[in-house]
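Peer 1: Output the structure for:
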Amino acid sequence: MIVITRKKIDEMVADKVQYNVKQITPLGYQKPVEFYSPKYELAKEKENGKPDLRTTLFWKPDVKLSDKGRADIDFYTADGYSTYSVVIEGVTADGKLIRTDGKIYME
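Peer 2: Below is the predicted model of the structure:
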């Protein structure tokens, strides 16, 4: 159960702490920030000598599809062999929610 109130924090102070109640303060709307992804086509990035240990490889919340309903997405994987989870979520032009997931195996 979620309860949202409009009271100020000092109005919501309880006399005793209840073990089954969690108070949170949502951040609300935030200005989006650009997701960092290395640009290995630049020699400076490719030859920096640091291993690429990223756990999130790609994040782009505003992918647009072509007229044919396709989108090409390019990204670099981290160093080493791994299995990556892929999750694609979105909203269709007519407002339907979509979601699919899968795996990418890098050897």
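Peer 1: and Thr100, which of the three is it?
Peer 2: With DSSP: H, G, I helix; E, B strand; the rest coil as the basis, Thr100 sits in strand.
Peer 1: Any idea what it is bridged to?
Peer 2: Listed by DSSP bridges, the beta-bridge partners for Thr100 are Ile88.
Peer 1: Show me where this protein dips below the pLDDT cut-off.
Peer 2: For the chain, residues meeting the criterion pLDDT under 70 lie at 1-7, 9-17, 45-46.
Peer 1: quick one, strands of it?
Peer 2: Here the chain has its strands, by DSSP state E, at 82-91, 97-106.
Peer 1: Rebuild these as a markdown table, extending it with distance to Pro32 and mean neighbour count.
Peer 2: Where C-beta positions appear, they are placed from N, C-alpha and C, glycine not excepted. A markdown table is the format used below for the strands of the chain (distance: least, Cβ to Cβ, whole Å; neighbours: other Cβ atoms under 10 Å):
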| stretch | distance to Pro32 | mean neighbour count |
| --- | --- | --- |
| strand 82-91 | 16 | 11 |
| strand 97-106 | 20 | 9 |
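Peer 1: Just send those back as JSON lines, with distance to Pro61 too.
Peer 2: Putting the strands of the chain into JSON lines (distance: least, Cβ to Cβ, whole Å) gives the following:
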{"stretch": "strand 82-91", "distance to Pro61": "9"}
{"stretch": "strand 97-106", "distance to Pro61": "14"}
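Peer 1: so which of those strands gets nearest Lys64?
Peer 2: strand 82-91 (10.2 Å; Cβ to Cβ).
Peer 1: Report all helices and strands that that closest one contacts.
Peer 2: Applying 3 or more Cβ pairs under 8 Å, 6 or more residues apart in numbering; DSSP states H and E, we find strand 82-91 packed against strand 97-106.
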